[in-house]
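K.L.:
for reference, the sequence and a predicted model appear below.
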Amino acid sequence: MSDLFASPSDTIEPSTRPLADRLRPMVLGEVIGQTQVLGADAPLGVMLASGSLASIIFWGPPGVGKTTIARLLAHETNLAFVQISAIFSGVPELRKVFESAKIRAANGQGTLLFVDEIHRFNKAQQDAFLPHMEDGTILLVGATTENPSFELNSAVLSRSQVMVLTRLSVGELAMLGARAERELGREMPLDAGARLALWDMADGDGRTLLNLIEQIMAWRVDGPLDTDSLAKRLMRRAAKYDKSGDEHYNLISALHKSVRGSDPDAALYWFGRMLEGGEDPRYLARRLLRMSVEDIALADPQAQTICLTAWQTFERLGAPEGELALAQAVIYLALAPKTNAGYVAYKAARDAARKTGSEPPPKHILNAPTTLMKEQGYGAGYAYDHDAEDGFSGQNFFPETLPRTQFYHPVERGFERELAKRVSYFQKLRTQRES
């Protein structure tokens, strides 16, 4: 095994090493979770079984095993393991890594280069990996908490396989907790409810769980602690949320689709998740207004007023009282009738306008403020709708070279049902006028 694979903590007495380090798996079979990647029929399992390991990008939240799996891959494939962090490394460090890898390759040993936080490298730095990946000098294994589609160069992605690692489930966290208890030689002083609360506090992060267990095992308590006692002694971990990153867009998408799907309970949950994560309520107010226009629209025209009023209420009351007004808007939007007929009509009309942007209006609907314009036929034959039968002239208002097109097709839901009747009524009158 390469010296680069050896951990500096190997020389430290086991009792003084952090629990997370002591429980680090020695083989891939000891890794808890991630069966969608490590299983026999999963991508990484198939690669190892075939003896053909390709460059990989591990995408997932913190504490789910990205670094551990990378180390074990190097161990099981007899590659030298080199780890760098994009936070602390630049071009000079990369050059040294590549030069050392070339020397190993000349001596018959490959190099697995693990790049933590690879998304923090800029485009030029990411491009530097390409020639060394192509000639086999390095096998790149990158780790990122951000969506690789947005953060990594397409050239790097095309030469790698993205593997998604997921948060540990409650059952997997319980397995990790049991492993920690075996290592420490005693059980945690927690009752059944407190154990469940502990798994919840870890929020799918194995490293966080082991750190919490270390704290708990250091306490001197008389008997098992219940949930309330545990909560007093431990701070709940902040929910994973990045207001400018991938999680931000995931949660607002979940909120929007829950509203569109008429599920007020799920919508309130995602609304609460974003507020708990520190989202600006004004951003949520703006997005709620957008939902009222995009998904409820004319099926319930009052929805826009509800959202605007909720926004104004928040501005006057502030947080946390004003957040209740926004929550009520969430409920209203989720339960309102839905239509995107106006949205579809708008896009279709814009598309038609782009394609026929130079066609003039028909002359009969043009104003004629001058004698010359009247001589050119401007306004000639215009029928004033208020003077017409039923207040409807039935004249053509499209360019003379274009056929009449129906963009707006109202649905039979909410107030738009009434608009559908009006559309049908005017279509009937138009046909009568034309006949």
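P.N.:
Arrived safely.

K.L.:
low-confidence ranges, the stretch 1-150 of the chain, go.
P.N.:
The stretch 1-150 of the chain contains residues with pLDDT under 70 at 1-16.

K.L.:
how about the strands of it, start to end?
P.N.:
56-59, 80-85, 111-116, 139-144 (DSSP state E, counting those that start in this stretch).

K.L.:
walk me through the domains of this protein.
P.N.:
Residue ranges for the domains of the chain, per automatic domain parsing: 3-164, 170-233, 246-335, 358-434.

K.L.:
what packs against the helix or strand containing residue 286?
P.N.:
Assigned by DSSP states H and E, residue 286 belongs to helix 281-291. Applying 3 or more CB pairs under 8 Å, 6 or more residues apart in numbering; DSSP states H and E, one finds that helix 281-291 contacts helix 246-260, helix 264-276, helix 302-317, helix 321-335. Heads up, the C-betas are built off the backbone N, CA and C, glycines and all.

K.L.:
averaged pLDDT, that helix. What do you get?
P.N.:
Taken as a whole, helix 281-291 has an average pLDDT of 94.

K.L.:
try stretch 224-234
P.N.:
Regarding stretch 224-234, the rounded mean pLDDT is 88.

K.L.:
which residues touch it?
P.N.:
Stretch 224-234 has contacts (CB atoms under 8 Å, 6 or more residues apart in numbering) with 189-191, 193-194, 196-198, 201, 212, 215-216, 219.

K.L.:
make a PyMOL selection of the buried ones in those.
P.N.:
Here is the PyMOL command that selects only those of these that count as buried (16 or more other CB atoms under 10 Å):
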select buried, resi 189+190+191+194+197+198+201+212+216
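
K.L.:
any chance of CSV for the contacts of stretch 224-234, columns pLDDT?
P.N.:
Formatted as CSV, the contacts of stretch 224-234 follow (pLDDT from 0 to 100):
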residue, pLDDT
189, 94
190, 94
191, 93
193, 92
194, 92
196, 92
197, 90
198, 92
201, 87
212, 92
215, 90
216, 93
219, 89
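
K.L.:
could I get the contacts of stretch 224-234 as CSV with secondary structure and distance to residue 376?
P.N.:
Output for these, formatted as CSV (DSSP: H, G, I helix; E, B strand; the rest coil; distance: CB to CB, whole Å):
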residue, secondary structure, distance to residue 376
189, coil, 94
190, strand, 89
191, coil, 91
193, helix, 86
194, helix, 87
196, helix, 82
197, helix, 81
198, helix, 83
201, helix, 78
212, helix, 83
215, helix, 87
216, helix, 89
219, coil, 92
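
K.L.:
let's have the contacts of stretch 224-234 in TSV, adding distance to residue 62.
P.N.:
Shown next, in TSV, are these (distance: CB to CB, whole Å):
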residue	distance to residue 62
189	27
190	24
191	29
193	26
194	24
196	22
197	21
198	18
201	15
212	14
215	18
216	20
219	25
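
K.L.:
residues of stretch 65-78 that come out buried?
P.N.:
Across stretch 65-78, burial judged by 16+ other CB under 10 Å covers 65, 66, 67, 68, 69, 70, 71, 72, 73, 74, 75.

K.L.:
how far away is the residue nearest the centre of the chain from residue 280?
P.N.:
Centroid-nearest residue in the chain, with CA atoms, centre = their mean: residue 250, separated by 2.7 Å. Note on residue 250: its distance to residue 280, by CB to CB, to the nearest Å, is 17 Å.

K.L.:
also residue 168?
P.N.:
Plainly put, residue 168 is 30 Å away from residue 280 if you go by CB to CB.

K.L.:
neighbour count: the two, which is higher?
P.N.:
Neighbours of residue 168 and residue 280, each counted by other CB atoms under 10 Å, are more numerous for residue 168; the result is 26 against 12.

K.L.:
quick check, that one in contact with residue 174.
P.N.:
No - at 9.5 Å, residue 168 and residue 174 do not qualify as touching, with contact defined as CB atoms under 8 Å.

K.L.:
neighbours around residue 175, how many?
P.N.:
Residue 175 has 15 nearby residues by other CB under 10 Å.

K.L.:
is it fair to say it lies in a strand?
P.N.:
No - under DSSP: H, G, I helix; E, B strand; the rest coil, residue 175 falls outside any strand and is assigned helix.

K.L.:
quick check, it in contact with residue 30.
P.N.:
No - applying CB under 8 Å, one finds residue 175 not in contact with residue 30, separated by 10.9 Å.
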